[in-house]
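Novice: could you look at this predicted model? Sequence included:
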Amino acid sequence: MTELKSGTWVVIADGEKALFLENTMDAEDPYLVVRRIDEQENPADHAQGTDRPGRMADNGMGQRSALDDTDWHQLAKMRFADDLADTLFKLVHKGRIERLVIAAAPRILGEVRQKLHSEVSNIVVGEIDKTLTNHPIDEIEKIVAGHLKAA
């Protein structure tokens, strides 16, 4: 059974925002304190892409097919996940984080998990595939503590 012990950091991410929280109390009465907030401005895809989708010549005379347009919004979310993995590595490598819980939207969690350095992966004590960035901190405390006890 894993607990939300004192000193455990909880990172809440959704692809545009990451909250770095630290539990300053014990597992029975967790109290998460915000240590850092990383945000990226990520407008909707239509606001980022200005070009029409490309076209490619087909095998027939005068035939052309449209290519898929790049989803700039989703691409920015994946880049944010890469940046988050880098930030976590720096914090862990400096000795600031010794126990870590990551809570993120499922797609972002998967992307971050793939990018984590082994030094970070070794200290992860829990993962929650849920978007919690818009929850109040007292609810996050309950959700994370409950998830770790159930795991």
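Specialist: Looks like it came in fine. Note that the structure is a prediction, hence the values are computed from the model and not measured.
Novice: centre of the chain to the longest helix along the chain, how far?
Specialist: Criterion DSSP state H: the longest helix present in the chain is helix 72-93. Centre-to-centre, helix 72-93 and its host chain are 7 Å apart (Cα atoms, centre = their mean, to the nearest Å).
Novice: which is the next helix or strand following that helix?
Specialist: Per DSSP states H and E, the first helix or strand lying C-terminal to helix 72-93 is strand 99-104.
Novice: what does the helix or strand following that following strand rub up against?
Specialist: The helix or strand immediately downstream of strand 99-104 is helix 106-115, counting by DSSP H and E. Contacting residues not belonging to helix 106-115 are listed as 13-15, 77-78, 80-82, 84-86, 102-104, 121, 127-130 [Cβ atoms under 8 Å, 6 or more residues apart in numbering]. Bear in mind the C-beta positions are built from the backbone N, C-alpha and C, glycine included.
Novice: what's Phe89 in contact with, if anything?
Specialist: Contacts of Phe89 by Cβ under 8 Å, 6+ apart are 116-117, 119-120.
Novice: how about Met78?
Specialist: Shown in contact with Met78 (Cβ under 8 Å, 6+ apart): 15, 111.
Novice: cool, the one 5 residues further on as well?
Specialist: Contacts for Asp83 were tallied using Cβ under 8 Å, 6+ apart; they are 38, 40.
Novice: cool, Thr131 as well?
Specialist: Thr131 is in contact with 14, 104-105, counting by Cβ under 8 Å, 6+ apart.
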